[in-house]
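Trainee: Provided below are the primary sequence and the corresponding predicted coordinates.
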Amino acid sequence: MTISALKLEHLIDIKSLDAEVISRIAERALEIKNGAKPSLQAGKHVALMFFENSTRTRFSFEMALNRLGASVYNFETSKSSLSKGEDFFDTVNNLAAIGFDACIIRTSEERLIKRTLKEVENGREFFKNIALINAGEGTSAHPTQALLDFVTIKEYFKDLIGLNLVITGDIRHSRVAKSNIELLSRFGVNIKCVAPEYFKDETLKNVVWCENLNEALEKADIVMALRIQKERIQGIIEFEDYIKKYQLNENNFPKNCILMHPGPVNRDVELSSGLLNSKYGETILKQANNGVFTRMAILEAILGGCDV
Ligand code: CP
């Protein structure tokens with residue numbers, strides 16, 4: 001059985017997925033991880049459009065596509081006609097005309113994917129159906145990361161209702177935090193956030209803000225650490241003060257918790273090397289590993305798996 005019955009047109013954000021779809025993607029990712037044969041209709045062509053750097057997302061999508069038998073193409077921005085001023089919708093539409101079935105997009109530009117699809121709603125037409133998949137957009141959405149994190153949490157905990165998650169670090173600039181909060185709060189996870197004033201985002205719903213790290217870590221089942229996103233911050237960050245108050249290390253990390261981090265980790269900033277090198281660091285690599293299976297499940301749902 002594949003998830004061909006579960007048809008997704010695009011993957012924009014977590015908000016636009018209902019809980020049943022999220023659960024089915026996670027279930028399918030774990031089925032594939034446990035040996036189910038993944039499949040895709042033959043002859044699918046997918047463009048990787050990464051306008052921001054990436055290691056995990058880009059290569060796990062590429063690995064997922066290769067394992068599914070799709071043809072993968074790298075869109076090189078600097079060598080593309082976007083650099084000559086071509087409009088993004090026109091670029092995607094030309095890729096559709098050339099024969100592409102999907103574009104996987106990473107961008108720093110907020111709402112680029114939504115804006116592109118809005119043009120379709122407003123009457124501009126793609127040459128043929130082409131799926132847009134969000135691989136991390138601005139500071140607001142990284143839905144495939146939240147889905148793979150959900151898969152990882154489900155491997156550790158049978159029931160998510162009532163679990164206590166602590167998110168710590170640069171929450172304001174983190175699309176991972178926002179997509180995870182959106183997803184996990186819908187599945188009954190209690191979420192505490194802890195960060196210095198300059199990394200807080202008080203507009204976030206369904207979270208409780210804590211004043212200090214130790215207070216936040218009491219009763220935690222899962223701790224999700226985030227990197228300081230220097231590339232999105234103007235001004236000076238007081239690293240020494242940050243490390244003193246917010247770094248997770250061998251001394252303050254709760255013994256029965258799992259440690260998560262979307263990567264990349266800045267060693268000895270948000271996590272000490274000692275903690276990362278300990279057994280607690282294993283979950284972070286498990287997240288990267290689950291990224292492949294989760295993205296295979298997502299691609300089957302979007303591009304059409306075939307029954308096997
Ligand atoms: N988690 C994540 O998005 O990592 P990359 O930036 O390496 O893709």
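Mentor: Received it, and whenever you're ready, just let me know what you need.

Trainee: Contacts only, for Ala288.
Mentor: Contacts were defined as Cβ atoms under 8 Å, 6 or more residues apart in numbering; by that measure Ala288 touches Arg56, Ser60, Gly263. All C-beta spots, glycine's among them, are computed from the backbone N, C-alpha and C.

Trainee: Sort out which one of those residues lies nearest the ligand for me.
Mentor: Each of those was scored against the ligand by Cβ to the nearest ligand atom, and Arg56 proved nearest at 3.8 Å.

Trainee: burial of the closest one, as a residue count?
Mentor: Residues contacting Arg56 under the criterion other Cβ atoms under 10 Å number 17.

Trainee: Surely it touches Gly291?
Mentor: Yes - in this structure Arg56 lies within contact range of Gly291 using Cβ atoms under 8 Å: 5.9 Å.

Trainee: can you pull out the helices in the stretch 1-150 of the chain?
Mentor: 19-33, 56-68, 88-98, 112-121, 143-156 (DSSP state H, counting those that start in this stretch).

Trainee: right, so of the ones you listed, which gets closest to the ligand?
Mentor: Closest to the ligand of the helices of the stretch 1-150 of the chain, according to Cβ to the nearest ligand atom: helix 56-68, at 3.2 Å.

Trainee: elements contacting the closest one?
Mentor: strand 45-50, strand 71-74, strand 102-107, strand 131-137, helix 143-156, helix 282-303 (3 or more Cβ pairs under 8 Å, 6 or more residues apart in numbering; DSSP states H and E).

Trainee: Please enumerate residues in contact with that helix?
Mentor: Contacts of helix 56-68 (Cβ under 8 Å, 6+ apart): 38-40, 44, 46, 48, 50, 71-72, 104, 106, 135-136, 142, 144-145, 262-264, 288, 291-293, 295-296, 299-300, 303.

Trainee: Quick one: find the helix or strand in this protein with the lowest mean pLDDT.
Mentor: helix 239-246 (a mean of 92; mean pLDDT, DSSP states H and E).

Trainee: Flag every buried residue along it.
Mentor: Buried residues in helix 239-246, counted by 16 or more other Cβ atoms under 10 Å: Tyr242, Tyr246.

Trainee: Let me know the next secondary structure element after that helix.
Mentor: Going down the chain from helix 239-246, the next helix or strand is strand 258-260, by DSSP states H and E.

Trainee: That next one pairs with which strands?
Mentor: With DSSP bridges as the test, strand 258-260 is paired with strand 222-225 (parallel).

Trainee: average pLDDT across the partner strand?
Mentor: Across strand 222-225, the average pLDDT comes to 98.

Trainee: Now do it: distance to the chain's middle.
Mentor: Its chain's average C-alpha position is 15 Å from that of strand 222-225, according to Cα atoms, centre = their mean, to the nearest Å.

Trainee: What of stretch 140-147?
Mentor: Remark: stretch 140-147 is offset 3 Å from the chain centroid, using Cα atoms, centre = their mean.

Trainee: now do stretch 22-39
Mentor: Chain-centre distance of stretch 22-39: 17 Å, with Cα atoms, centre = their mean.

Trainee: list the buried ones in it?
Mentor: Neighbour-count burial for stretch 22-39 flags 22, 24-26, 28-33, 36, 38-39 (criterion: 16+ other Cβ under 10 Å).

Trainee: Then stretch 48-62?
Mentor: Using 16+ other Cβ under 10 Å as the test for burial, stretch 48-62 gives Leu48, Met49, Phe50, Phe51, Glu52, Ser54, Arg56, Thr57, Arg58, Ser60, Phe61, Glu62.

Trainee: what residues are up against the fourth one?
Mentor: So the one you mean is Phe51. Contacts of Phe51 (Cβ under 8 Å, 6+ apart): Thr77, Ile105, Arg106, Thr107, Ser108, Glu109.
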